[in-house]
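# Need coordinates for the following:
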Amino acid sequence: MLKEERQQYIINQINIHNKVLSTDLSAQLNVSEDTIRRDLNELAELGKIVKVYGGALSKSFHYPFSGKEVYNKDGKKEIARKAAKLIEDGMVLLIGGGTTMIELARIFPENLHCTIFTISPLVALELVEHPNMSVNLLAGQLGGNSHIVTGSQVISQLSEIKADLCFLGTNGISLTHGITDSDWEVVQVKKAMIKSASKTAILSISEKLDSVQKMQICNLNNINCLITDADESHENVKRYAKKITVL
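As a prediction, this is how the structure comes out:
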């Protein structure tokens, strides 16, 4: 594989999953980690990605308010629109982090009365001036890469919450491995969020379907709904619809 092809693959993976690990890219591309590091450094110097320790982030994930940089922004807006239809007046909601969650927070109807608990300061900032919303940002260690709070303090607070519905993004989703991620602390928090909610909806662009990360959060039977940007005629959507409700 030529360097240009390899670097384009890296950019695609970063855009789809928001972040990548050098070790994973090395295995996927069958090249050394030194080669991957050189590629990441070059791409960062060109302003196409954000280099971090052990891997890289998409620019939209690191700078989420620069709207023009958000990957598949139209798809994420469509997912947000579908997700908003699940919200009912008076609900207690748990909301995760990521660019799709920010899009969801931006379209909450003004006449909606809800209590929100979120692990994302960026989501909280979008909702805080909503006239009929009680917004609660859970306290914990703020991750510079993930932009969400994690740690035992967050998990303890989540154990005291009984939410009606939890909205979560995902770094990986597959029929066989369920919901997965590459960050141990994020995995633990997402597990606690699912446990604290009566129902959980996973929000994911269709390009993430059939992708697997190293750590499992839960099986698909622990999830009530998958919300994606593809329509029901999409072959992947048809396969997932046999096992889980898909919007």
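# Can you spell out which residues form a bridge with the residue nearest the centre of the chain?
The centroid of the chain falls nearest to Gly169 when counting by CA atoms, centre = their mean (3.1 Å). According to DSSP bridges, Leu203 are recorded as the beta-bridge partners of Gly169.
# surely it meets Leu104?
No - at 9.8 Å, Gly169 does not count as touching Leu104 under the criterion of CB atoms under 8 Å. All C-beta atoms are positioned from the backbone trio N, CA, C, and that covers glycine.
# Need the overlap of contacts for those two.
Overlap between the neighbourhoods of Gly169 and Leu104 consists of Leu203, taking contacts as CB atoms under 8 Å, 6 or more residues apart in numbering.
# separation between the residue nearest to Val128 when sequence neighbours are not counted and Gln7?
Counting by CB to CB, 6 or more residues apart in numbering, the nearest residue to Val128 once its immediate chain neighbours are dropped is Val135, at 5.1 Å. With the distance defined as CB to CB, to the nearest Å, Val135 ends up 40 Å from Gln7.
# swap in Leu203?
From Leu203 over to Gln7 the distance is 29 Å, taken as CB to CB.
# go on, Arg81?
34 Å.
# what do you get for Ile194?
Distance of Ile194 to Gln7, given as CB to CB: 36 Å.
# Residues in contact with the longest helix along the chain: which ones?
Under DSSP state H, the helix in the chain containing the largest number of residues is helix 3-17. The contact list for helix 3-17, computed with CB under 8 Å, 6+ apart, reads 1, 20, 25, 28-29, 31, 36, 39-40, 42-43, 48-49, 56-58, 60, 71-72, 171-172, 205, 207-208, 211, 213.
# go on, stretch 178-191?
Under CB under 8 Å, 6+ apart, the answer for stretch 178-191 is 19, 21, 24, 96, 119, 140-141, 143, 146, 148-151, 154-155, 158, 168, 170-174, 202, 212-220, 222-223.
# How about stretch 149-163?
When contacts are taken as CB under 8 Å, 6+ apart, the neighbours of stretch 149-163 outside the stretch itself are 92-94, 117, 119-121, 137-143, 185-186, 188-189, 192-193, 195-198.
# now do the same end-to-end measure for that stretch.
Distance across stretch 149-163, first residue to last, is 18 Å (CA to CA, to the nearest Å).
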